[in-house]
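Participant: Provided below for reference: sequence and predicted model.
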Amino acid sequence: MRLRELLKYETIVIQCHDNPDADAIASGYGLYTYFKEKGKNIRFVYGGRFVIQKSNLVLMLRELAIPIEYVTELEAPDLLITVDCQYDEGNVTHFDAKEVAVIDHHQVSGPLPRLNDVRSSLGACSTLVRELLEREKININENKQLATALYYGLMMDTNQFTEIFHPLDKDLRDDAAYDRSKIAMFRNANISLAELEIAGEALCGYEYEEQHRYAVIKARPCDPNILGIIGDMMLEVDAVDFCVVYSILSVGVKLSVRSCRKETRASELADYLTDKIGSGGGHVEKAGGLIQLELLQREYAEEYESVYDAATQLGEFFKKRLKAYFEESEVIYAKDYAADLSQMQAYRRKDLRLGCVKASGVFKTGTKVTIRTLEGDLDMPVTDDMYIMIGMSGEVRLVSEENFKKSHKILDEPYLFEGEYKPTVKTSLDGKNVSLIPYAKACIATDGIEIYIKPLTHRVKVFTEWDEENYMLGRKGDYLAVRKDDLHNVYVIAGDTFEQMYELV
C-alpha cells in the first residue's frame, strides 16, 4: 500500500490505540504530517478511558507540537487509518468509518481491511511510517520535529534500541537527524517513583533455574522500558546468565530478554519464546518481544481453555519453553567439529548468479565498516583480500580472496538483486550508508562447489572458523553443510534456499 493511494479520500482520521505510547504517537504524527501537507481534512485521535498523563509523553506532545486529540465519539470520516494497532482490537476504541486502513507492526490478530500494510518483523511502527514516507520521496530529516518523534518512537518501542534486529529499524536509528536536547529531556522523565517500586517488587519475586542459570520475573503492568531495567539489574547477579522479565498489558504480554553468554543470543531467545504467538528480536545481549494472549491460547488450546487461563499460567509457560530451548539446542564449534560423513550426502552448487564485491575496491583498507543485512549487522575492518558475497535473499558471507578465486569466477554481466533488503555498508569515517549492489559483480561457482549436507531435526548453533564470536543459527528444516575440500568449513544453509542452490552429486 502506498500513501498516495489514500489521497483520494477527503476527510481522513488517524487513530492510534488507547493509552498511546511514544511509537503510536510518533507514527501517527508522521502520517498526519504527510496528509496535512497534501491539503487533506485530517485529524489525529485516540480514545479509551484515560487521557495521556505519563510525563515523558506529555513533554513529547508539547515540545514537538503534536496535534493529537482525545475523543469519546467521532463522526464517520471517509477514511479511518489505525496506526500501531489494528481496527477493532481490544485496545482500540471502535469508531465507525466509510473506509478503514491499517498501518501496523504487530502480529495480525484478525481479518484485515483491503487497505493495509502490516510488517510484524519491524521493531516499531515509526520505522514503517518512515519507510512509507520515503517511498513518497519525503526525507524526514527536513522536518526536525518529525525526525525526533520517529526516532523517539523507535527508541521507546525497542527498549532504548536494545531490541532492534531489522535493518530498517537500524537505518532509522542511525540516520534520523533528531533534536538531541529534546530526546534527553524525554529520557530523563521516563521513570516515576511508582515504577521504581514496581521494579523493586519484581526483583524480589524472581524464579531461578540452577542448571541453565536463568531467571524468570513477573512485573506488574508498567511501561515496557521498566522491564529492560529489571532485566539489566538481574543480569548483574553472578549466578544468572539469562533472564526473562514479563508484564501483562492491554496490548498483550511484553517481555524483555537478557543474555551474557555468546552461545545464546538474546534476540534468538526472544524470537523462540514468541514463535507463532507474537514477535520478538533485538540484540545479542538485549532483546524483547510481545505475546498476544489470544494467539497463545489458540496455539496451546489443549493446555489453556481460555485467554484468562493462559495469562494466569505465563510463569509456567516461560519455564517450559526455556527448558525446551536449552535441551534441544546443539552448539558446534567448526574448528573442533568432526563431521560424521556417513550420515551426510554430497551436493554440488548449481550454476547460480551470486553477487560479489571486493571490499578494498570500495572502501579504504583498514576502515571499520558495518555491513547491514536482513540477517543482522557484521562489524569488521576492511582488509586487502576481503570479498563480500551476496546470496539470493540478501544474506552476506565474507571470504578471503584466495578462497574466492579458488571456487568462483566473476562474470562480465551486471548483478541483479531481487531480495527484500539490499545489503548496505556504514563506514566509521562518515557514517554514511553505502549500498553494495551498485558495486557488486555477478559471479558463479567454478567446477561446482561440493559439500556434504544433512537436514537438521533440531536447533543448531554453528560457530564458524571465520567467526568464533557469532553463531549461524539452524532450525528444523535447515541444513548443516561441510565443505568437501575443508571439513572444518562448517556452516548452515537455510531450508528455503537449499534446493534452489544445490543439486545431488
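Facilitator: Alright, I've got the coordinates. Numbering: from 1, shown residues only.

Participant: what segments of the stretch 101-250 of the chain are strands?
Facilitator: When secondary structure is read from DSSP state E, counting those that start in this stretch, the stretch 101-250 of the chain shows strands at 115-118, 207-209, 214-218, 242-249.

Participant: make CSV from the ones you listed and add mean pLDDT to it.
Facilitator: Output for those, formatted as CSV (pLDDT from 0 to 100):
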stretch, mean pLDDT
strand 115-118, 94
strand 207-209, 96
strand 214-218, 97
strand 242-249, 95
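
Participant: any chance of these in JSON lines, plus distance to residue 83?
Facilitator: All C-beta atoms are positioned from the backbone trio N, CA, C, and that covers glycine. Output for those, formatted as JSON lines (distance: least, Cβ to Cβ, whole Å):
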{"stretch": "strand 115-118", "distance to residue 83": "10"}
{"stretch": "strand 207-209", "distance to residue 83": "37"}
{"stretch": "strand 214-218", "distance to residue 83": "30"}
{"stretch": "strand 242-249", "distance to residue 83": "18"}
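
Participant: just put those in a markdown table and tack on mean neighbour count and distance to residue 505.
Facilitator: Output for the strands of the stretch 101-250 of the chain, formatted as a markdown table (neighbours: other Cβ atoms under 10 Å; distance: least, Cβ to Cβ, whole Å):
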| stretch | mean neighbour count | distance to residue 505 |
| --- | --- | --- |
| strand 115-118 | 17 | 43 |
| strand 207-209 | 14 | 45 |
| strand 214-218 | 23 | 43 |
| strand 242-249 | 24 | 42 |
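
Participant: looking at the ones you listed, which is closest to residue 354?
Facilitator: Comparison of the strands of the stretch 101-250 of the chain against residue 354 by Cβ to Cβ identifies strand 115-118 as nearest, at 30.7 Å.

Participant: quick check: which ranges of the protein have low pLDDT?
Facilitator: Flagging of the chain using pLDDT under 70 yields the residue ranges 109, 428-431, 447-448.

Participant: on that earlier part again, out of the strands of the stretch 101-250 of the chain, nearest to residue 396?
Facilitator: Relative to residue 396, the nearest member of the strands of the stretch 101-250 of the chain by Cβ to Cβ is strand 115-118, separated by 26.8 Å.

Participant: quick check: which element contains the closest residue to residue 190 other than its chain neighbours?
Facilitator: Once its chain neighbours are removed from consideration, residue 190 has its nearest residue in residue 56; the separation is 4.9 Å (Cβ to Cβ, 6 or more residues apart in numbering). Counting by DSSP states H and E, the element that carries residue 56 is helix 55-63.

Participant: about what we covered before: closest one to residue 32 among the strands of the stretch 101-250 of the chain?
Facilitator: strand 115-118 (16.6 Å).

Participant: ok so, going back, closest to residue 394 out of the strands of the stretch 101-250 of the chain?
Facilitator: Comparison of these against residue 394 by Cβ to Cβ identifies strand 115-118 as nearest, at 20.5 Å.

Participant: parallel or antiparallel, which strands does the closest one pair with?
Facilitator: For strand 115-118, sheet partners with direction are given as strand 100-104 (parallel), following DSSP bridges.

Participant: before we move on, back to that, isn't the residue nearest to residue 190 right up against residue 22?
Facilitator: Yes - taking Cβ atoms under 8 Å as the contact criterion, residue 56 and residue 22 are neighbours in contact, 7.3 Å apart.

Participant: looking at those two, which one has more neighbours?
Facilitator: residue 22 (26 against 20; other Cβ atoms under 10 Å).

Participant: and the residue nearest to that one when sequence neighbours are not counted, how many neighbours?
Facilitator: In space, residue 22 comes closest to residue 156 once its chain neighbours are excluded; the distance is 3.9 Å by Cβ to Cβ, 6+ apart. Taking other Cβ under 10 Å as the neighbour definition, residue 156 ends up with a count of 27.

Participant: list the residues that contact both of residue 56 and residue 22?
Facilitator: Residues touching both residue 56 and residue 22 (Cβ atoms under 8 Å, 6 or more residues apart in numbering) are residue 186.

Participant: all helices of this protein, in order?
Facilitator: With DSSP state H, the ranges of helices along the chain come out as 22-37, 55-63, 125-135, 144-157, 167-175, 180-187, 193-204, 224-234, 266-273, 293-299, 307-312, 314-328, 401-407, 495-501.

Participant: please identify the buried residues of the third one?
Facilitator: Of the residues in helix 125-135, those buried by neighbour count under the rule 16 or more other Cβ atoms under 10 Å are 125, 126, 127, 128, 129, 130, 132, 133.

Participant: am I right that the last one is in contact with residue 35?
Facilitator: Read that as residue 133. No - taking contact to mean Cβ under 8 Å, the distance of 11.2 Å between residue 133 and residue 35 leaves them out of contact.

Participant: export the helices of the chain to a markdown table and tack on distance to residue 489?
Facilitator: As requested, the helices of the chain are exported to a markdown table (distance: least, Cβ to Cβ, whole Å):
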| stretch | distance to residue 489 |
| --- | --- |
| helix 22-37 | 43 |
| helix 55-63 | 50 |
| helix 125-135 | 36 |
| helix 144-157 | 38 |
| helix 167-175 | 27 |
| helix 180-187 | 45 |
| helix 193-204 | 45 |
| helix 224-234 | 37 |
| helix 266-273 | 23 |
| helix 293-299 | 38 |
| helix 307-312 | 45 |
| helix 314-328 | 25 |
| helix 401-407 | 9 |
| helix 495-501 | 16 |
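
Participant: out of the ones you listed, flag the one nearest residue 47.
Facilitator: Using Cβ to Cβ as the criterion, the shortest distance between residue 47 and the helices of the chain is 12.2 Å, found for helix 22-37.

Participant: identify the residues contacting the residue nearest to residue 190.
Facilitator: 22, 186, 187, 189, 190.
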